[in-house]
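In: Predicted coordinates and the sequence they were generated for:
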Amino acid sequence: MTTDVILNKVFTVNYLKKLINDQGFGLYQDVVDSLISEQKVDNNLDAFVALYKYMFKNHRNEFFYKNTLIKKILLGIHSVNTTTALREIPISENILDLLLINGVGRVYEIKTELDNLTRLPQQLEAYYQAFSYVNVVTDESHFKDVSKLLEDKPTGIILLTKRGSLHVEKKALEYNGVLNSRVLFNILRKYEFENITNEVFGQLPQVNQSKYYDACFEMLSKLDVKEFQWYVLRELKKRSNINSQNLSAFETIPKEIKSLVYFSKYRPTDFEKLQKFLETDYKEVK
């Protein structure tokens with residue numbers, strides 16, 4: 001396993017949870033010792049900061065892009081009080097990278113310098129079945145190809161520059177031409193489409209369980225698709241993991257791992273464990 005592959009595994013929601021629960025230190029130590037062994041690393045926070053700097057210079061992977069979007073758009077332009085970010089939403093056999101909901105839903109499809117563009121047209125077609133604003137976030141190596149591909153499309157283009165800033169090269173335009181009620185419905189969890197059905201119709205369908213799912217969709221499909229999209233976005237916005245109980249703890253999280261914590265369902269004890277882990281001397285990690 002290469003050090004870059006290990007780096008990808010270390011900067012994940014699940015692996016960080018393992019670390020703060022004193023598990024799986026092997027990969028973490030391997031990548032620290034391999035990539036930043038000559039730097040001064042006193043504690044685990046120092047190690048993550050150094051690894052992130054390495055990533056910035058040498059390996060701008062999907063996590064790096066996603067973390068940059070969270071820092072500069074969710075936290076920089078909007079706030080966690082008004083906007084919800086969701087990741088990895090399955091849509092028509094595709095996985096949407098990042099969605100920000102603030103009045104409207106804005107898709108951010110990431111194409112790093114490590115990716116190819118083969119599936120991009122198919123992915124964008126799928127996302128427009130559920131959301132009206134779609135952006136492709138990429139780097140300079142893909143910029144010309146992406147620009148040509150999207151020349152006559154409503155899709156926005158955001159460039160992650162070599163300096164780590166986000167530059168809007170083309171603004172996303174609203175497009176509702178292929179919105180699909182079935183695709184929107186399939187994004188929802190059971191309690192979410194029940195919430196909408198109850199609110200709109202004042203009741204849930206009285207059918208046996210085998211027909212219940214289809215019966216709910218049949219009722220909701222009677223709505224205008226844009227109206228249905230509005231209800232769907234409202235339900236999705238409620239999925240935020242950051243609330244008044246954990247906001248102050250979240251605000252103290254280092255920028256290098258901000259998105260990992262944002263997408264985790266941390267309890268107060270988890271925030272305490274994370275803080276303890278970051279403050280722990282790296283040499284004490286076993």
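Out: Ah, there it is. Numbering: from 1, shown residues only.

In: immediately after the helix or strand hosting Pro90, which helix or strand?
Out: Using DSSP states H and E, Pro90 maps to strand 84-91. Once the chain leaves strand 84-91, the next helix or strand it forms, by DSSP H and E, is strand 94-102.

In: could you check the angle strand 84-91 makes with that next one?
Out: 150 degrees (axes from the mean of the first three to the mean of the last three C-alpha atoms, to 10 degrees).

In: What separation is there between Val146 and Gln123?
Out: 12 Å (C-beta to C-beta, to the nearest Å). (Each C-beta comes from the backbone N, C-alpha and C, glycine too.)

In: mind listing the helices for the stretch 1-150 of the chain?
Out: For the stretch 1-150 of the chain, the helices defined by DSSP state H, counting those that start in this stretch cover 3-10, 13-20, 25-35, 44-58, 62-69, 120-127, 140-149.

In: now the fifth one against helix 44-58, angle please.
Out: Translated: helix 62-69. Orientation note: helix 62-69 sits at an angle of 100 degrees relative to helix 44-58 (the same axes, to 10 degrees).

In: The stretch 151-286 of the chain: strands as residue ranges?
Out: For the stretch 151-286 of the chain, the strands defined by DSSP state E, counting those that start in this stretch occupy 156-160, 166-170.

In: So what touches the last one?
Out: When contacts are taken as C-beta atoms under 8 Å, 6 or more residues apart in numbering, the neighbours of strand 166-170 outside the stretch itself are 68-69, 72-73, 137, 143, 147, 150, 155-161.

In: Flag every buried residue along it.
Out: Leu166, Lys170 (16 or more other C-beta atoms under 10 Å).

In: Neighbouring strands of that strand in the sheet, and parallel or not?
Out: Using DSSP bridges, strand 166-170 pairs in its sheet with strand 156-160 (antiparallel).

In: buried ones in the partner strand?
Out: The neighbour-count check on strand 156-160 (16+ other C-beta under 10 Å) flags Gly156, Ile157, Ile158, Leu159, Leu160 as buried.

In: now stretch 144-159
Out: For stretch 144-159, the neighbour count (16+ other C-beta under 10 Å) marks Val146, Leu149, Leu150, Lys153, Pro154, Thr155, Gly156, Ile157, Ile158, Leu159 as buried.

In: Closest one to Glu88 out of the residues you listed, please.
Out: Comparing the buried residues of stretch 144-159 against Glu88 with C-beta to C-beta picks out Ile158 as the nearest, at 18.9 Å.

In: What residues does the closest one make contact with?
Out: Contacts of Ile158 (C-beta under 8 Å, 6+ apart): Tyr108, Asn135, Val136, Val137, Thr138, Leu166, His167, Val168, Glu169.
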